[in-house]
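>>> I'd like to go over a predicted model; first the sequence, then the structure.
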Amino acid sequence: MLGGMAGPFDILHHQHRELEELLERLASESDTEEMTHGQEALARLLRLHSRLEERCVQPLLTRVEGRARAREEAEDHLTLRELMEELQELTPRGVEWQARLFTLEDQVVAHVQATEHGVLPRLSASLDADELEELGHDLALTYEELLDRSQHPPAPGRGALLEPLHWDA
């Protein structure tokens, strides 16, 4: 980290840059094996990233901006994950795959913009220094835990990494 105190949202910003980079690489990659690796890396990162925001950011968002706003964010994540799943089922470089990749890129760009220029600045403004520090710790710990779990998938029947989101009715 460059000088000064690390911001609480550094992990999220870093993941956003990584998502953009992976998408760019995938769009220009021609080697089939590399593309498969790239797609898997992108799917893993998207899953990790949306989990992280769902566990750490959304509860705060619900508190600060209300349930409807937090639900919109959750639906954005769902769209990203569904697009990723569709992409993985299509033939790489095919017309449909290309179209799906462009849509995914657009969605990721929109997500990054909304998060970095909307959600996170608004949370920063609404939380005090202690709460922001706590959020930073929470993000770091949850990230480690999710990363660890993604590298050691649970045994069959022990529940998938992607549990569905539960919203109180």
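Noted; the coordinates are in hand.

>>> In space, what's closest to the spatially most central residue of the chain - neighbours in sequence excluded?
For the chain, the residue nearest the mean C-alpha position is H49 (2.7 Å; C-alpha atoms, centre = their mean). Computed as C-beta to C-beta, 6 or more residues apart in numbering, the closest residue to H49 that is not its neighbour in sequence is Q15, at 4.6 Å. Every C-beta, even on glycine, is put in place using the N, C-alpha and C of the backbone.

>>> Please apply the same query to A110.
D76 (7.8 Å).

>>> pretty sure the residue nearest to the centre of the chain contacts L19?
Yes. Applying C-beta atoms under 8 Å as the test, H49 and L19 come out as touching, 6.7 Å apart.

>>> Make sure the residue nearest to A110 is actually in contact with V109.
No. D76 lies out of contact with V109 (C-beta under 8 Å); the separation is 11.9 Å.

>>> more crowded one of those two?
Using other C-beta atoms under 10 Å, the more surrounded residue of D76 and V109 is D76, with 17 against 14.

>>> Dihedrals phi and psi, the more buried one?
Main-chain dihedrals, D76, degrees, to the nearest 10: phi -60, psi -40.

>>> Begin at 157 from now on, thanks
Done: numbering now begins at 157, and the last item shifts to D232.

>>> Show the contacting residues for it.
263, 266-267, 270 (C-beta atoms under 8 Å, 6 or more residues apart in numbering).

>>> so where's this protein shaky on pLDDT?
157-162, 309-325 (pLDDT under 70).

>>> what about the helices in it?
166-184, 188-208, 214-221, 223-245, 251-270, 276-282, 285-307 (DSSP state H).

>>> if we can go back for a sec, gap between the residue nearest to H205 and V251?
30 Å (C-beta to C-beta, to the nearest Å).
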